[in-house]
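**Q** I would like to see how this sequence folds:
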Amino acid sequence: MSALTAPGLQLRRMQLDDVPRIMDVEVRAYPYPWTEGIFRDCLRVGYSCWVLESLEGMLRGYAVMSMAAGECHLLNISVSPDYQGQGHGRYLLRCLLDVARERAVEMLFLEVRPSNTQALSLYHSEGFNEIGIRKRYYPDAKGREDALVMALSL
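**A** Coordinates of the predicted model:
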C-alpha cells in the first residue's frame, strides 16, 4: 500500500529505525507498555506495522496488526498523549480498516480494556461489536484487568 495522506498527516509502513520514537510514545501512553523487542519482533515476522506522522515527520501514532486467512487482529494502536482527542485515533483506525479491506480481510478483532472508555467509544462509533471477554488479560495495578473482545465485519 502506498502512503495515505490527510491534511497534515501521512500513514506509512513502520521501519526498524522508528522503534525508538515509538517507544517514547509507548511508555508515555501506557502504564504497561510493549517492549522494544516486541515491536522489533512484529516487524521481523512481517506483521502489518504502521506509523502516523505529520508531514514534518512528527510521530502522532502507530499500529500493529496481524493478518491471516481472511482475519485481522489489531494488536496495538496508539496515539501520542500529546495528540489525543484530535481525531488522530479515528483517522489511524480508518486507515487500518482500509489496509485490511485491501488484503481481503473479512473480520477484524481487537481487545480493549473496559476502563479505556475513549477507545471503547471510538470502536463502538466505528461499528465494532463486543463479542466476548478475556479474563485477567491485561496487567493492572490491582493485579489483572479483563479485556473486552470486539469484532468488526468488513
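
**Q** switch to C-alpha atoms for all contacts and neighbour counts from now on
**A** Fine.

**Q** Who are the packing partners of the biggest helix by length in the chain?
**A** Longest among the helix segments of the chain by residue count, using DSSP state H, is helix 88-102. Counting contacts by 3 or more Cα pairs under 8 Å, 6 or more residues apart in numbering; DSSP states H and E, helix 88-102 packs against strand 59-68, strand 71-79.

**Q** how about residue 53, what does it touch?
**A** Neighbour list for residue 53: 9-11, 59-61 [criterion: Cα atoms under 8 Å, 6 or more residues apart in numbering].

**Q** if we can go back for a sec, now do the buried residues in the longest helix of the chain.
**A** 88-90, 92-93, 95-98, 100-101 (16 or more other Cα atoms under 10 Å).

**Q** Now residue 92: closest residue in space that isn't a chain neighbour?
**A** Among residues not flanking residue 92 along the chain, residue 52 sits closest, at 7.0 Å (Cα to Cα, 6 or more residues apart in numbering).

**Q** The one you found contacts residue 60, correct?
**A** Yes - if you go by Cα atoms under 8 Å, residue 52 and residue 60 touch, sitting 5.4 Å apart.

**Q** neighbour count winner among the two?
**A** Using other Cα atoms under 10 Å, the more surrounded residue of residue 52 and residue 60 is residue 52, with 29 against 24.

**Q** Okay, and the beta partners of that one?
**A** Legend: beta-bridge partners of residue 52 under DSSP bridges are residue 11, residue 61.

**Q** Listing request: residues of this structure with sub-threshold pLDDT.
**A** The model of the chain has pLDDT under 70 over residues 1-6.

**Q** What values do phi and psi take at residue 133?
**A** phi -130, psi 140 (degrees, to the nearest 10).

**Q** quick one on the thing from earlier: residues in contact with the longest helix of the chain?
**A** So helix 88-102 is contacted by 1, 4, 11, 52, 60-63, 67, 72, 77-79, 108, 122, 154 (Cα under 8 Å, 6+ apart).

**Q** immediately after that helix, which helix or strand?
**A** Once helix 88-102 ends, the next helix or strand along the chain (criterion: DSSP states H and E) is strand 107-112.

**Q** any idea how far the next helix or strand after that next one is from the chain center?
**A** Counting by DSSP H and E, the next helix or strand C-terminal to strand 107-112 is helix 117-125. Between the centre of helix 117-125 and the centre of its chain there are 13 Å (Cα atoms, centre = their mean, to the nearest Å).
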